[in-house]
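Enquirer: give the three-dimensional model of this entry:
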Amino acid sequence: MSPLDLPPDLRTRLRRLSITPRRAAVVASAGQHASRNRGGAQEFAQYRAYERGDDLRQIDWKLYARSDRFFVRDAERESPVTVWIVLDASASMAQADLKTPDWSRFDAARRLAAALVEIAVNQGDRFGLVVETATGPMVIAPGGGHRQRDRVLMTLAPINPDGVARWDRDVGLYGECFGANDVILILSDGFDQACVETAERLAMSGRDVALFRILTADERDFPFHQGYRFVDPETGTALVGDGPTLRADFLSRFAKAREGLSDRLDAHGVRHAEHFADRPADEPIRALFRMEGAR
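Expert: The predicted structure is shown next:
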């Protein structure tokens with residue numbers, strides 16, 4: 001399955017999640033931001049096939065009588081919140097685990113991006129995309145609804161992570177693109193200092209910034225039981241060593257590095273969550289944003 005094709009059980013869980021700004025005043029005029037925008041103030045957008053979990057009241061029964069299929073009426077309303085998904089496409093994102101060589105860190109990041117897009121569509125928010133590449137950022141301007149979702153997913157589908165991202169080069173563009181009330185969600189491994197500094201600079205400018213740190217299961221577990229040659233995909237630096245001998249030191253140093261980065265992001269007001277490539281995409285979203293109806 002493509003990382004952009006969300007499994008049905010994941011879609012069901014995503015309907016109970018919302019992307020909420022830190023500043024509640026931003027959405028005060030829109031009522032209950034966490035749910036799909038419905039009601040008298042909305043405009044009809046399009047039909048879509050019924051999916052398990054949809055509100056039965058949204059089924060168009062006249063259309064069912066003509067087609068013998070269930071369709072729901074999607075309605076959209078201008079939302080005061082724009083969600084930006086910023087995806088790191090540098091070479092380090094191509095790393096995969098030993099057990100799943102066909103599922104990379106970048107695949108996990110793209111699935112997480114697709115999940116965030118799905119939530120934004122569900123709650124009626126506008127959303128845009130930035131892909132940070134070695135040759136420059138790819139930008140999809142904010143929009144809403146299923147057509148915007150398809151546009152974003154089609155952009156993500158052919159991308160292969162490569163090279164070294166130039167966050168320092170592009171941070172000025174981000175400052176121009178992102179509005180003061182936008183929610184900025186950065187998906188990266190967090191190993192690039194320039195990426196972390198970009199998140200910090202955006203947060204210090206008053207913007208609502210969150211960093212999803214995409215990590216591999218091998219980084220978490222270090223399951224290397226023999227000699228390996230470890231290579232940095234961006235610098236080419238190599239380390240040859242015995243897995244069992246390196247394991248304890250690596251896990252200790254990696255835990256300290258993760259803790260240090262968490263403290264640094266907290267100090268600069270950047271929300272953050274870790275997402276391991278072998279875990280469901282909704283887990284880090286739950287870590288940052290509340291479940292619908294939760295207190």
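Enquirer: Leu4 touches Ala109, doesn't it?
Expert: No - with contact defined as Cβ atoms under 8 Å, Leu4 does not reach Ala109; the gap is 11.1 Å. C-beta here means a position set from N, CA and C on the backbone, and glycine is covered the same way.
Enquirer: these two: who's more crowded?
Expert: Ala109 (26 against 17; other Cβ atoms under 10 Å).
Enquirer: against Gly227, how distant is that one?
Expert: 30 Å (Cβ to Cβ, to the nearest Å).
Enquirer: over to Leu17?
Expert: Distance, Leu17 to Gly227, by Cβ to Cβ: 43 Å.
Enquirer: the two - which one has more neighbours?
Expert: More crowded of Leu17 and Gly227, by other Cβ under 10 Å: Leu17, with 23 against 12.
Enquirer: bridging residues for that one?
Expert: Met291 (DSSP bridges).
Enquirer: quick check: it touching Ala120?
Expert: No - in this structure, Leu17 is not within contact of Ala120 by Cβ under 8 Å, at 10.7 Å.
Enquirer: which neighbours do the two have in common?
Expert: Common contact partners of Leu17 and Ala120 (Cβ atoms under 8 Å, 6 or more residues apart in numbering): none.
Enquirer: and the protein, what are its domains?
Expert: 8-36+79-288, 38-76 (automatic domain parsing).
Enquirer: which of the ones you listed sits most buried?
Expert: Among these, the stretch with the highest mean neighbour count (mean count of other Cβ atoms under 10 Å) is domain 8-36+79-288, at a mean of 18.
Enquirer: for it, what is the distance to the chain centroid?
Expert: Here domain 8-36+79-288 is found 5 Å from its chain centre; the criterion is Cα atoms, centre = their mean, to the nearest Å.
Enquirer: that older thread, can you list the domains of the chain in JSON lines and add mean pLDDT?
Expert: Below are these laid out as JSON lines (pLDDT from 0 to 100):
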{"stretch": "domain 8-36+79-288", "mean pLDDT": "90"}
{"stretch": "domain 38-76", "mean pLDDT": "64"}
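Enquirer: how about the strands of the stretch 151-295 of the chain, start to end?
Expert: Secondary structure of the stretch 151-295 of the chain (DSSP state E, counting those that start in this stretch): strands at 183-188, 208-215, 227-231, 238-242, 271-276.
Enquirer: and the first one with strand 271-276, angle?
Expert: Going back to what we said before, that points to strand 183-188. On the basis of axes from the mean of the first three to the mean of the last three Cα atoms, to 10 degrees, strand 183-188 is oriented at 40 degrees to strand 271-276.
Enquirer: surely Met87 meets Leu129?
Expert: Not quite, residue 87 is Leu, not Met. Yes - between Leu87 and Leu129 there is a contact at 7.2 Å, judged by Cβ under 8 Å.
Enquirer: overlap of the contact sets of the two?
Expert: Jointly contacting Leu87 and Leu129 under the rule Cβ under 8 Å, 6+ apart are 113, 156.
Enquirer: would you map the helices across this structure?
Expert: Under the criterion DSSP state H, helices of the chain are mapped to 8-14, 61-67, 105-122, 145-156, 167-177, 193-204, 217-221, 243-267, 282-288.
Enquirer: what's the closest of those to Ala273?
Expert: Closest to Ala273 of these, according to Cβ to Cβ: helix 282-288, at 4.0 Å.
Enquirer: list the helices and strands that closest one packs on?
Expert: The contact analysis (3 or more Cβ pairs under 8 Å, 6 or more residues apart in numbering; DSSP states H and E) places helix 282-288 against helix 8-14, helix 105-122, strand 271-276.
Enquirer: can you redo those as JSON lines with distance to Glu197?
Expert: Putting the helices and strands packed on helix 282-288 into JSON lines (distance: least, Cβ to Cβ, whole Å) gives the following:
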{"stretch": "helix 8-14", "distance to Glu197": "31"}
{"stretch": "helix 105-122", "distance to Glu197": "20"}
{"stretch": "strand 271-276", "distance to Glu197": "14"}
